[in-house]
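Enquirer: take this sequence and fold it.
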Amino acid sequence: MNLQYKNILILNLRKIGDTIMATSSAYLLKKAYPEAKITMLVKPLTKSIVENNPVIDEVLLYDYSHKAKWNDIKKSVDELKSKNFDLAVVIDNKPRSAMLSYLAKIPKRIGFEKITLRNIYLTLFYTDIYKIDYDFINTQQVKNHEIFINRITGRFDKAKMVMPNLSNESQLKVSSLLDNLSKNRLNVALCIRSGIKFKDWSQENFIKVLNFLNQKYELNFYVVGSANDYDYAQSFIEKSNVDMVHFC
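Expert: Next comes the predicted model:
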């Protein structure tokens, strides 16, 4: 265990759900190295999850696709170099993240890739690879992060996800949105799209659950999502015949 880490980079170029779970890694590293600065590299999509987060001190953005040009990659590498990180933790299992930490010449670069002949080249990018036993089907991802980070720190801390602190502006906006809902009922948010079509549950199944809940309990329902989900959510509301608020 190295107690001298002072400037730690977590690389997480994944989407919303994975980023929420990746905050558990920041939590564990902050717990083990309370004096260290924790920085997380993310895509713009997940910026709001890690900004104003009590376990993340700085957020860096990587705004390029897998088809990024070398000049774009170099720009990110130069930014990482300028930060003088002493530890890079590749939490997302992505070769791109491993490569960025290597090109930025961060002295300690740790991953938990499952190295096979297919991706043997990854051994060039890491200084340490921890082969943890993880099962993506039967084990929650946060538990995998817990095993991995505790291997780095030599501790036995329990992981937990940490959400960002809301700004005053955001708190006022949330309050105004909820003001029209009955105060005597529980509020239920329905996130009916994941952003990845094959992961989406059908509207028909959502409506079955919605009708069951509506008959059994007194609840306020509202649909949440991005602007891209607006028409899909409107169709869902019309099919359901249940009163709800459209927040997309």
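Enquirer: who touches the worst-scoring helix or strand of the chain on mean pLDDT?
Expert: Averaged element by element with mean pLDDT, DSSP states H and E, the chain has its least confident helix or strand at helix 168-178 (a mean of 84). Helix 168-178 is contacted from outside by 166, 187, 245, 247, using CB atoms under 8 Å, 6 or more residues apart in numbering. Just so you know, the C-beta spots here come from the backbone N, C-alpha and C atoms, and that holds for glycine as well.
Enquirer: can you check stretch 233-248 too?
Expert: 177, 180-181, 189-190, 192-193, 203, 206-207, 210-211, 214, 220-227, 229-230.
Enquirer: could you flag which of these are buried?
Expert: Neighbour counting with 16 or more other CB atoms under 10 Å marks 190, 192-193, 203, 206-207, 210, 214, 220-223, 225, 229 as buried within the contacts of stretch 233-248.
Enquirer: now do the residue located most distally from the centre of the chain against residue 193, distance only.
Expert: No residue in the chain sits farther from the centre than residue 215, which is 34.6 Å out by CA atoms, centre = their mean. Using CB to CB, to the nearest Å, we find residue 215 at a distance of 25 Å from residue 193.
Enquirer: in which helix or strand does residue 110 reside?
Expert: strand 109-111 (DSSP states H and E).
Enquirer: do residue 161 as well
Expert: Per DSSP H and E, there is no helix or strand for residue 161.
Enquirer: just say helix, strand or coil for residue 55.
Expert: When classified by DSSP: H, G, I helix; E, B strand; the rest coil, residue 55 comes out as coil.
Enquirer: tell me how many other residues surround it.
Expert: The tally of other residues near residue 55 (other CB atoms under 10 Å) stands at 20.
Enquirer: and what of residue 70?
Expert: Neighbours around residue 70, by other CB under 10 Å: 8.
Enquirer: what pLDDT, on average, does the strand holding residue 110 get?
Expert: The predicted model assigns strand 109-111 a mean pLDDT of 94.
Enquirer: paired strands for that strand, with orientation please.
Expert: strand 87-90 (parallel), strand 128-129 (parallel) (DSSP bridges).
Enquirer: deepest of those strands, which one?
Expert: strand 87-90 (a mean of 28; mean count of other CB atoms under 10 Å).
Enquirer: where does this structure dip in pLDDT?
Expert: 1-3, 113-119, 134-137, 180-182 (pLDDT under 70).
Enquirer: let me see the ranges of the strands in it.
Expert: In the chain, the strands defined using DSSP state E lie at 7-11, 37-42, 58-61, 87-90, 109-111, 128-129, 186-190, 219-223, 245-246.
Enquirer: now those strands as TSV including distance to residue 144?
Expert: TSV is the format used below for these (distance: least, CB to CB, whole Å):
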stretch	distance to residue 144
strand 7-11	14
strand 37-42	17
strand 58-61	23
strand 87-90	13
strand 109-111	13
strand 128-129	15
strand 186-190	27
strand 219-223	31
strand 245-246	36
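Enquirer: before I go, just wanted to say thanks for your time.
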